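Engineer: Next one to model:
(chains A and B)
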Amino acid sequence: MRARKRLQVLIVHLLLILAVVAVAAPVVFAFIFSTQTPAEIFRYPPEFKIGTALLDNYRVVWNQYHLGVYMKNSAIIAIAVTVGKTIISFLAALALVYFRFPLKGSVFIFILLTLMMPTEIIIVALFDLVTKIGWSNSYAALIVPFLASATGTFLFRQQFLQIPPSLVDAARIDGAGPLRFAFAILLPMSMNVISAMAVIQFVYMWNQYLWPLIVIRDGSKQVVQVGLRMLTSGQDATNWGIVMAGAIVALLPALVLFLLLQEQFARGFALSEEK
Amino acid sequence: MANEPHAAYKNPFLPWLLLLPTLVILVVFLYWPTIDTFRLSLYRVAFLGLKKTFVGLANYREIFTNPEYLRIFWNTAVFSAAVVFFSMAVGLFLSVLVNQKIGGKRFYRLFLIWPYALSPAVAGVIFLFLFNPQAGIVNYFLDTLFKVRPDWLTEPILAMSVLILAAVWKNVGYNVVFYVAGLQNLPGEVLEAALIDGASPWQRFWHVTFPLLAPMTLFLLVMNTIYAFFDAFPFVDLLTKGGPNGATNILIYNIYRDGFEFFKTGLAAAQSVVLFIAVVLLTIVQLRWGERRTHLGG
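Structural biologist: Now for the predicted structure:
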């Protein structure tokens, strides 16, 4: 019985190690080949070790293929949306939870219904719209439409509803107005939700692909994900070392953020499930 | 909504002022384009968007009768079903393994979920290289082991398989996050009762654990389907461009093509409406389930 149990545990470990390796393999290979010259990549059999072009490939992809510029653009857009959406969602949830006003139920449903309208479904009409208001090929088109969302509003709403109502009553009796209550009491108590939401929003924006591909025509304004597409379709497409270096550079910020802030990720997931 | 202990403040203007940015953005950038998509689907646009003619439901007739479009629906169904099924099945299997009484749980969990943080574009580019017939590492291994070097992206079935594999690889982690959480929240007494009853691990899983996970499974079914519908775009765009010969052309990719490469705005809008209706149905399922979950006290 003991021996059988131990065998079972061993098999579980083996299967999990196998899975961990399978999950990691594509990125590990991508990294290895991102350090090799075309000659090293095409030799047979391939060698699974760091090649001679480590610095060259990353330097070329960063400067010559402008990945540095694309990274900066992606960062600007992702940070702008993360900050803006956090503030706007916080304010909306404040109104929905701490105020009595007519039509509140309708407003709630009105916001809720937008859960069914992913941007991808409306790209044709949205592109028409941003072109008409003169935003094509601009950051505004990549930022403004994403500054509000049902998810963000409901994340904060959920958090506020978990705070005991006695707190707001006490604040009111002490003479604190709604804004003072919001910024002196509610805001510090919501830091958990804010960081959870910020991480998820940042990664979501950092990973955007279709909408920037449509809106941005000017290479110098492009985001990093679409920059990768240009690497694969460029004249030097067979220089896989450079393409892989681009992929590694592009995945680093979101991955580092994820590894540093796993807790926030997990919490954000849990919250988004509750909405 | 009726009983609101939190709603301590009353003010005729302030709540609307606080809601203003949200409402304006949602109206202008979500509601209006959604309505406009319905309107556009009734028009045919010609001469690169310069001439617009009302055609009624002709665009819908086109997409529901033209074999090329029917094929796109079929491809979308195959791709989505496969991505959803494999992402969830592998995710559940790995979650059950992680949830065993073993050491290193946190390590395993982390090293299974991290690709969630990668973008579909990064995953797409990496798979494009791995499955490259000449330089790709997959064909090197296959050649060494079995003496075959398939032309992955020019064979219809193989191309679809690579797309599915790439999309599943990126998404398994998401399912592990939720299934592990779900497994940890299962009521211990029920599982113990089954153990005492002498049920085998296999029986315990299918008769006790799996039914208890049903709400989580439904939630993930919706989320994975939405992933397969929309996040698939970069994979198709980078790996196959819908080819070979339309074999991997799926709805979201064809909407992009019709809308922005061929300027068939009306047809693109009509396909968007079809996708929109699918998402509405999925959302209704999800909201229904959300209610049931609160009734169960979860």
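Engineer: Skipping adjacent residues, who's closest to residue B:80 in space?
Structural biologist: Of all residues not flanking residue B:80 in the chain, residue B:228 sits nearest, at 3.9 Å (C-beta to C-beta, 6 or more residues apart in numbering or on different chains). (Glycine included, C-beta is placed from N, CA and C.)
Engineer: looking at it, that neighbour is touching residue B:167, isn't it?
Structural biologist: Yes. Using C-beta atoms under 8 Å, residue B:228 is in contact with residue B:167, at 6.9 Å.
Engineer: Tell me, please, the helix or strand in chain A that averages the lowest pLDDT.
Structural biologist: Within chain A, no helix or strand scores below helix A:262-274, which has a mean of 64 by mean pLDDT, DSSP states H and E.
Engineer: Need the residue closest to the centroid of chain A.
Structural biologist: residue A:203 (1.3 Å; C-alpha atoms, centre = their mean).
Engineer: Can you tell me the SS state at that one?
Structural biologist: When classified by DSSP: H, G, I helix; E, B strand; the rest coil, residue A:203 comes out as helix.
Engineer: need the contact list for it.
Structural biologist: Residues near residue A:203 by C-beta atoms under 8 Å, 6 or more residues apart in numbering or on different chains: A:254, A:257, A:258, B:117.
Engineer: And residue A:48, by the same measure?
Structural biologist: Applying C-beta under 8 Å, 6+ apart to residue A:48 gives the contacts A:29, A:32.
Engineer: how does it look with 7 Å?
Structural biologist: Taking C-beta atoms under 7 Å, 6 or more residues apart in numbering or on different chains as the contact definition, residue A:48 lies against residue A:32.
Engineer: Show the backbone phi and psi for it.
Structural biologist: phi -90, psi 60 (degrees, to the nearest 10).
Engineer: ok, back up a step: and the gap between the residue nearest to the centre of chain A and residue B:51?
Structural biologist: As judged by C-beta to C-beta, to the nearest Å, residue A:203 and residue B:51 stand 42 Å apart.
Engineer: Below-threshold pLDDT in the stretch 51-200 of chain B: ranges please.
Structural biologist: For the stretch 51-200 of chain B, applying pLDDT under 70 flags no range at all.
Engineer: just the strands in it please.
Structural biologist: B:51-54 (DSSP state E, counting those that start in this stretch).
Engineer: Enumerate the residues of it near chain A.
Structural biologist: Residues of the stretch 51-200 of chain B lying close to chain A (C-beta under 7 Å from any C-beta of the partner chain) are B:94, B:97-98, B:100, B:102, B:108, B:110-112, B:114-115, B:117-122, B:125-130, B:135, B:137, B:140, B:169, B:177, B:181.
Engineer: Tell me which entries of those lie within helices.
Structural biologist: Counted as lying in helices by DSSP state H, out of those, are B:94, B:97-98, B:108, B:110-112, B:120-122, B:125-130, B:137, B:140, B:169, B:177, B:181.
Engineer: Just the buried residues of those.
Structural biologist: By neighbour count, with 16 or more other C-beta atoms under 10 Å in any protein chain shown, those hold B:94, B:97-98, B:108, B:111-112, B:120-122, B:125-130, B:137, B:140, B:169, B:177 as buried.
Engineer: coming back round to it: measure the residue nearest to residue B:80 to residue B:279 for me?
Structural biologist: According to C-beta to C-beta, residue B:228 and residue B:279 sit 12 Å apart.
Engineer: Of the two, which one has the most company?
Structural biologist: Counted by other C-beta atoms under 10 Å in any protein chain shown, residue B:228 and residue B:279 do not tie: residue B:228 has more neighbours, with 24 against 20.
Engineer: Great, nothing more from me.
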